[in-house]
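Asks: fold the following, please.
(2 chains)
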Amino acid sequence: MGAGKIVILDYGAGNLTSVRLAFGRLGAPAEVSGDPAVAAKADSLVFPGVGSAASGMEGLHRCGLDKVLLEAARSGKPVLAICLGMQMLLSFSEEDGGVTGLGLIEGSVRKFVFPPNAHVKVPHMGWNTVEHEGKHPLFAGIPSGEAYYFVHSYHASEVGKDDIPGTSEYAGKRFACAVGRSNVIGVQFHPERSGEAGLQMLENFTKWDGRYATETSDRLS
Amino acid sequence: MLLKRLIVCLDVRDRRVTKGVRFLDNRDIGDPVELAEKYCRDGADELVFYDITASAEHRPTDLEMVRQVARKVFIPFSVGGGVRSSSDMRQVLLAGADKVSLNSLAVLHPEILREGAKAFGRQCVVLGMDVRFAGVSSSLPSGYEVVIEGGRRGMDLDALEWAKKAVELGAGEICLNAIDTDGVRGGYELNITRMISESVPVPVIASGGAGKLSHVKDAFLEGGADAALVASMVHSGEFSCGEIKRYMMEHHIPARRAFVRKESQ
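Replies: A predicted model of the protein is given here:
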């Protein structure tokens, strides 16, 4: 499919400048839009977001972009969700007293909890390594163990093994930092802030045809 | 595994990077955007830009510089200097910065930390603290005093108490700069660095005084810092970020390797 037209979804959840500039740097200009009609015509969607789960979901509903995302997921268009966007792909988040997500991938979002005497700093912030088995096209050419930039207090949990293309570890807890099923992938870290490795991932996204089959689903199909 | 960060600081005056000794005698280092790109290639994990004359000249932050940096830099960067309100913070973030560093303003108007955290998230709010050793007294139990206006004005405010209060208000990170050691290259002020990093639940960046590789190691192993900020060490050309990173790894401090994209190989 190649790059085609990339639309970065703007639903009021954070600053999209750096995501837009990163695609610009790759020679794959991306349009920022909150208009469902524009987003529906895109060849691929980028779904960023910072802030809380409740305000993020509210913003999506208000703009009518939740329907665009569900339709894109069904139609096979590549979708890349980042940070809060990734969390909203899942079925449920315990943030803000419990929020229903898009449910494109089964799983929950849980707060990092550590014993008080462990003095673990939350949010988990900074560069952390991501371990992967090289199966997802977004990790093409990027070795396992490469570092990306994270800022988050909640993390994906209870996600099926086949839907986890990458994991990371913080203060002894290993968590899914990438969740993916067929043409939808979400990453907890910020590829647009992760230097050359992050740019490589975004470049891989611009070249992705949206196909990703885990071993299990290969066998089943 | 969470890695320890190496942060390069660029003091900018009239759109040029300069470096002084104890905030004085500034020397021209080069173009901010070109230097930023160089340090990124070289493995810096984060950059900090201080518009060092904005406050003195009563003008807002040089947003055009921030925009130019944002087009070339794809690692986190923060900007300080000239920010007087949360609407100024918004401008800096919209120009492409990830974080805003607040220093004198936060001391004089601590509410800005709360406002900034509420509006943009605390990860965008960095408390820059300039401190000096003044001796233990009833008003300075840690012995370290907060100073503002580039070190010219002592506030009789205890550094440790201020750090804790600032985090309660909304600071998401603390950049602790010891002015006695800044630019002197005799090593970080490890004592107060450790006191603060053990007392606050947010990352602490050691700043001021790095001149040798071993200083960087000390910031992490003795100061307990999450990140070490360097300026003179790399601006002088004596060390590259890559060398510092290799040294960190040799001393079992987890650090990020520079990844090279296929296209740019």
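Asks: run through the strands of chain A in chain order.
Replies: In chain order, chain A shows strands spanning A:6-9, A:30-33, A:44-47, A:79-82, A:90-93, A:99-100, A:105-111, A:124-132, A:146-152, A:154-157, A:166-170, A:173-181, A:184-187, with DSSP state E as the criterion.
Asks: alpha carbons only: can I get the third one in CSV?
Replies: Spelled out, that is strand A:44-47. Coordinates of each C-alpha in strand A:44-47 appear next as CSV, following Å, rounded to 0.1, in the frame of the first residue of the first chain:
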residue,chain,number,x,y,z
SER,A,44,-3.7,5.2,7.1
LEU,A,45,-4.4,6.7,10.5
VAL,A,46,-2.2,7.9,13.4
PHE,A,47,-4.0,8.0,16.7
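Asks: thinking again about what came up before, could the strands of chain A go into CSV alongside mean neighbour count?
Replies: For glycine as for every other residue, the C-beta is placed from the backbone atoms N, C-alpha and C. Formatted as CSV, the entries for the strands of chain A read as follows, by neighbours: other Cβ atoms under 10 Å in any protein chain shown:
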stretch, mean neighbour count
strand A:6-9, 24
strand A:30-33, 18
strand A:44-47, 26
strand A:79-82, 27
strand A:90-93, 22
strand A:99-100, 16
strand A:105-111, 19
strand A:124-132, 22
strand A:146-152, 24
strand A:154-157, 21
strand A:166-170, 21
strand A:173-181, 22
strand A:184-187, 28
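Asks: dump those into CSV; add mean pLDDT and distance to chain B as well.
Replies: Below are these laid out as CSV (pLDDT from 0 to 100; distance: least, Cβ to the nearest Cβ, whole Å):
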stretch, mean pLDDT, distance to chain B
strand A:6-9, 98, 14
strand A:30-33, 96, 12
strand A:44-47, 98, 15
strand A:79-82, 98, 14
strand A:90-93, 98, 16
strand A:99-100, 98, 17
strand A:105-111, 98, 14
strand A:124-132, 97, 5
strand A:146-152, 97, 4
strand A:154-157, 98, 13
strand A:166-170, 98, 6
strand A:173-181, 97, 11
strand A:184-187, 98, 15
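Asks: around chain A, pick out the residues from the stretch 51-200 of chain B.
Replies: B:70-72, B:74-76, B:93-96, B:98, B:121, B:123, B:172-173, B:198 (Cβ under 8 Å from any Cβ of the partner chain).
Asks: mark which of the residues you listed are buried, thanks.
Replies: When burial is judged by neighbour count using 16 or more other Cβ atoms under 10 Å in any protein chain shown, the buried members of those are B:70, B:74-76, B:93, B:95-96, B:98, B:121, B:123, B:172-173.
Asks: what pLDDT is listed against A:Leu220?
Replies: In the predicted model, A:Leu220 carries a pLDDT score of 42.
Asks: ok, B:Ala56 next?
Replies: In the predicted model, B:Ala56 carries a pLDDT score of 84.
Asks: also A:Ser55?
Replies: The score at A:Ser55 is 93. That number is its pLDDT.
Asks: repeat for B:Phe23
Replies: Predicted confidence (pLDDT) for B:Phe23: 63.
Asks: and if you look at A:Lys77?
Replies: The per-residue pLDDT reported for A:Lys77 equals 97.
Asks: my guess is it contacts A:Ser44, does it?
Replies: Yes: with contacts defined as Cβ atoms under 8 Å, A:Lys77 counts as touching A:Ser44 at a distance of 5.7 Å.
Asks: spell out which residues are contacts of both of these two.
Replies: A shared contact of A:Lys77 and A:Ser44, defined by Cβ atoms under 8 Å, 6 or more residues apart in numbering or on different chains, is any residue touching both; here these are A:Gly210.
Asks: any weak-confidence spans in chain B?
Replies: Across chain B, residues meeting the criterion (pLDDT under 70) sit at B:21-24, B:263-265.
Asks: grab the most central residue of it for me.
Replies: Taking Cα atoms, centre = their mean as the criterion, B:Cys175 is the residue nearest the geometric centre of chain B, at 4.8 Å.
Asks: looks like that residue contacts B:Ser101 (just checking).
Replies: Yes: in this structure, B:Cys175 sits in contact with B:Ser101. The criterion is Cβ under 8 Å, and the distance is 6.4 Å.
Asks: picking up where we left off before, among the residues of the stretch 51-200 of chain B next to chain A, which ones are in helices?
Replies: Residues of those located in helices (DSSP state H): B:70-72, B:93-94, B:198.
Asks: how about JSON lines for the residues you listed, with distance to B:Leu47 added?
Replies: As requested, these are exported to JSON lines (distance: Cβ to Cβ, whole Å):
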{"residue": "B:Ala70", "distance to B:Leu47": "11"}
{"residue": "B:Arg71", "distance to B:Leu47": "14"}
{"residue": "B:Lys72", "distance to B:Leu47": "11"}
{"residue": "B:Leu93", "distance to B:Leu47": "15"}
{"residue": "B:Leu94", "distance to B:Leu47": "18"}
{"residue": "B:Glu198", "distance to B:Leu47": "27"}
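Asks: can you map out the strands along the stretch 1-150 of chain B?
Replies: Using DSSP state E, counting those that start in this stretch, the strands of the stretch 1-150 of chain B run over residues B:5-13, B:16-21, B:24-30, B:46-51, B:77-80, B:99-102, B:125-133, B:144-148.
Asks: including mean neighbour count and distance to A:Asp96, could these go into a markdown table?
Replies: What follows is those, written out as a markdown table (neighbours: other Cβ atoms under 10 Å in any protein chain shown; distance: least, Cβ to Cβ, whole Å):
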| stretch | mean neighbour count | distance to A:Asp96 |
| --- | --- | --- |
| strand B:5-13 | 25 | 30 |
| strand B:16-21 | 18 | 43 |
| strand B:24-30 | 13 | 46 |
| strand B:46-51 | 25 | 30 |
| strand B:77-80 | 26 | 28 |
| strand B:99-102 | 25 | 24 |
| strand B:125-133 | 26 | 21 |
| strand B:144-148 | 24 | 36 |
